[in-house]
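K.L.:
Test case, fold it:
(one chain, ligands or ions: 1)
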Amino acid sequence: MIQVVCGLIVNGEGRLLICQRPEGKAQAGLWEFPGGKIDQGESAREALRRELIEELGCEVEVGEALTSVRYAYDDYSICLIPYICRLLDGQEPKAIEHSNIEWVRGDERLVTSADYALAPADIPILEEWVERFGD
Ligand SMILES: Nc1nc2c([nH]c(=O)n2[C@@H]2O[C@H](COP(=O)(O)OP(=O)(O)OP(=O)(O)O)[C@@H](O)[C@H]2O)c(=O)[nH]1
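P.N.:
Numbers count the residues shown, from 1 in each chain. Below you'll find the predicted structure:
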């Protein structure tokens, strides 16, 4: 079971950042919450701060954890651990490792959106977000 962290980064207007996985990676073309695998000896929160600097070039404050999701892809399984994050002042995410990044409304329409097909493991996380914070 691969441990993966992801960040639900919220901007001042309450929008969520979603990122499109690039060609050549697993689940290419699907949208996800930015993050990645936890390295040995790292805490989940440390891993998330590191991944967000690598992928988006920005610093965040890592806040509350949402419910982790276990998901079995064809050839491996992940445990995806989500955290709500806030950008530190002056930080602007850049698509360093993704093919696109977008600020979107975190609502029920996003769950089934044809424009932003989400990685399947992310759907329960978005559902929890919508239930608790959705507008
Ligand atoms: N980062 C991230 N990965 C996710 C999400 N949902 C999801 O199923 N995954 C899966 O988790 C796995 C690990 O993610 P990753 O490829 O971003 O990890 P990484 O940056 O450490 O990758 P690397 O091994 O290429 O360095 C992938 O199979 C990816 O498809 C998500 O919301 N965020």
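
K.L.:
What parts of this protein come near the ligand?
P.N.:
Within the chain, the residues that sit near the ligand (CB under 6 Å from any ligand atom) are 4, 6, 25-27, 32-33, 35-37, 78, 80, 119, 121-122. No exception for glycine: its C-beta is placed from N, CA and C like everyone else's.

K.L.:
Out of the residues you listed, name the ones that lie in strands.
P.N.:
4, 6, 32, 35-37, 78, 80 (DSSP state E).

K.L.:
Can I get these in CSV including distance to residue 60 and pLDDT?
P.N.:
As requested, those are exported to CSV (distance: CB to CB, whole Å; pLDDT from 0 to 100):
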residue, distance to residue 60, pLDDT
4, 17, 98
6, 12, 98
32, 16, 98
35, 11, 98
36, 14, 98
37, 18, 98
78, 21, 98
80, 17, 98
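
K.L.:
what residues are up against the closest residue to the ligand within the chain?
P.N.:
Nearest to the ligand in the chain, going by CB to the nearest ligand atom, is residue 36, at a distance of 2.8 Å. Under the criterion of CB atoms under 8 Å, 6 or more residues apart in numbering, the contact list for residue 36 reads 4-5, 47, 51, 54-55.

K.L.:
cutoff 10 Å now
P.N.:
Contact criterion CB atoms under 10 Å, 6 or more residues apart in numbering gives 4-6, 47-48, 50-52, 54-55, 97 as the residues in contact with residue 36.

K.L.:
ditto for residue 131
P.N.:
Each residue near residue 131 by CB under 10 Å, 6+ apart is listed here: residue 108.
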